[in-house]
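[1] Predicted model follows, preceded by the sequence.
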Amino acid sequence: MSRRAQTAGFMAMKGGGYYSRATVGARHAIDGAAPLLMDALARMDPPDDGRVLTVADMGCADGGTSLDAMAALLREMRRRAPSRPIHMVYTDLPRNDFGQLFRNVQHLADEIPGLYILASATSFHRPILPPGTLHFGFSATASHYLSETPREISDHVHMVGASGAERAAYVGQARRDWEGMLLARARELAPGGRLALLNFGIDEEGRYLGSTGGVDMFDTFDALWAGLRDAGAISAAEYAATNFPQGYRTVAEFTAPFRDPDGPVRRAGLRLEHVDTATVRCPYAAAFAEHGDAARFAREYIPTLRSWSEATFAGGLSPDRPEAERRAILDRFYDAYEDAVREAPDGHAMDYVYCRLVAAREPA
């Protein structure tokens with residue numbers, strides 16, 4: 001597979017309900033942002049005029065992590081506009097487990113009158129909805145995924161560990177994808193519509209996902225994957241081909257398109273209403289601080305890492321390997337991570353560090 005292949009061709013969160021069961025921290029982060037969504041909806045103040053209201057959860061995975069926040073938003077929308085049908089669109093990449101998504105969310109249509117739930121297997125880097133039809137767009141812990149992996153990183157698996165031209169390639173791709181995503185949403189948003197985004201990024205202190213506890217998660221990923229290379233379990237080419245298709249942006253990089261008065265995002269009618277950064281404590285590290293059982297911590301912690309990272313490591317392996325061999329390599333890798341946490345648990349944590357933005361489409 002070309003390393004410049006589109007992310008949509010191989011990326012998916014782990015299915016079968018594994019993702020939302022394991023990724024408790026993401027649910028906490030989204031639930032914590034629920035007041036932000038309610039405030040945005042209040043400013044939007046949709047009139048009760050009988051027209052269809054469209055909501056989208058972009059990069060939804062199996063829908064479990066955003067379920068409570070979306071339910072609260074939809075119920076408040078129904079309260080404010082009782083006569084308006086609500087069209088709820090869940091979107092993710094084609095390899096997403098949409099069957100599990102509907103098992104998780106379809107009950108909302110039974111509980112909220114006039115709610116119609118559909119899904120789209122379309123990347124948020126592309127148009128998803130017809131122009132001017134989206135009223136409330138939401139995306140959480142997803143828009144750090146790039147449309148493509150811009151290049152291989154010679155000595156790491158993630159852009160946070162890259163330097164020089166290699167890091168610049170990811171920063172540049174992240175800048176282009178961010179602007180493109182905002183422009184796509186600006187075309188889709190109805191006048192007065194809102195866009196609420198919770199994005200993994202780099203905060204004002206230089207922290208990012210998994211870097212706050214003292215043991216850097218991405219450095220650990222890299223050290224263990226390189227260890228498999230050095231042991232001959234994977235090839236040097238497979239190590240080099242393993243790169244997270246992610247771009248972590250700073251707050252300045254997130255807000256730059258909104259601050260340029262002559263830039264395309266401002267010309268498209270998007271205006272920034274709110275920006276801040278937040279950190280949500282890793283629930284497994286927090287629990288370990290209470291119970292002190294290193295083996296339990298390791299056993300509970302690794303699945304949350306595996307739920308979203310496995311596709312990247314699987315994608316780095318040669319497609320010529322038999323499936324059973326690929327499974328064995330991945331199991332060996334995550335078992336090694338579990339061993340490392342169990343033997344020296346202090347400092348391991350996947351705290352969620354993210355930037356929260358709300359943007360509005362100018363009224364007509």
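    Ah, there it is.
[2] where do the helices sit along the stretch 251-364 of the chain?
    251-259, 264-267, 283-291, 294-316, 323-343 (DSSP state H, counting those that start in this stretch).
[3] For residue 153, which of these is the nearest?
    helix 294-316 (11.2 Å; C-beta to C-beta). Every C-beta, even on glycine, is put in place using the N, C-alpha and C of the backbone.
[4] in the stretch 101-250 of the chain, which spans are helices?
    107-111, 164-188, 217-230, 236-240.
[5] before we move on, back to that, ok, which of the helices of the stretch 251-364 of the chain comes nearest residue 154?
    Nearest of these (C-beta to C-beta): helix 294-316, 13.7 Å.
[6] So which bits of the closest one are buried?
    Buried residues in helix 294-316, counting neighbours by 16 or more other C-beta atoms under 10 Å, are found at 294, 297-298, 300-313, 315-316.
[7] re the thing from before, can I get the helices of the stretch 251-364 of the chain in a markdown table including mean pLDDT and distance to residue 51?
    A markdown table is the format used below for these (pLDDT from 0 to 100; distance: least, C-beta to C-beta, whole Å):
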| stretch | mean pLDDT | distance to residue 51 |
| --- | --- | --- |
| helix 251-259 | 97 | 28 |
| helix 264-267 | 96 | 27 |
| helix 283-291 | 95 | 41 |
| helix 294-316 | 95 | 37 |
| helix 323-343 | 98 | 48 |
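[8] Out of those, which is closest to residue 158?
    Between those, helix 294-316 lies closest to residue 158; by C-beta to C-beta that is 8.9 Å.
[9] Report all helices and strands that that closest one contacts.
    Using 3 or more C-beta pairs under 8 Å, 6 or more residues apart in numbering; DSSP states H and E, the elements in contact with helix 294-316 are helix 18-22, helix 217-230, helix 283-291, helix 323-343.
[10] Can you check what angle separates the last one from helix 217-230?
    Comparing the axes of helix 323-343 and helix 217-230 via axes from the mean of the first three to the mean of the last three C-alpha atoms, to 10 degrees yields an angle of 130 degrees.
[11] mind exporting helix 323-343 as CSV, just the C-alpha atoms?
    C-alpha atoms of helix 323-343 as CSV (Å, rounded to 0.1, in the frame of the first residue of the first chain):
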residue,chain,number,x,y,z
GLU,A,323,-3.8,-13.0,8.4
ALA,A,324,-3.0,-15.3,11.3
GLU,A,325,0.6,-14.1,11.2
ARG,A,326,-0.6,-10.5,11.2
ARG,A,327,-2.8,-11.1,14.2
ALA,A,328,0.0,-12.8,16.1
ILE,A,329,2.3,-9.8,15.5
LEU,A,330,-0.3,-7.4,16.7
ASP,A,331,-1.1,-9.5,19.8
ARG,A,332,2.6,-9.7,20.6
PHE,A,333,2.9,-5.9,20.3
TYR,A,334,0.0,-5.1,22.6
ASP,A,335,1.0,-7.8,25.0
ALA,A,336,4.4,-6.1,25.2
TYR,A,337,2.7,-2.8,26.0
GLU,A,338,0.7,-4.5,28.7
ASP,A,339,3.8,-6.0,30.2
ALA,A,340,5.5,-2.7,30.2
VAL,A,341,2.6,-1.0,32.1
ARG,A,342,2.3,-3.9,34.6
GLU,A,343,6.1,-3.9,35.4
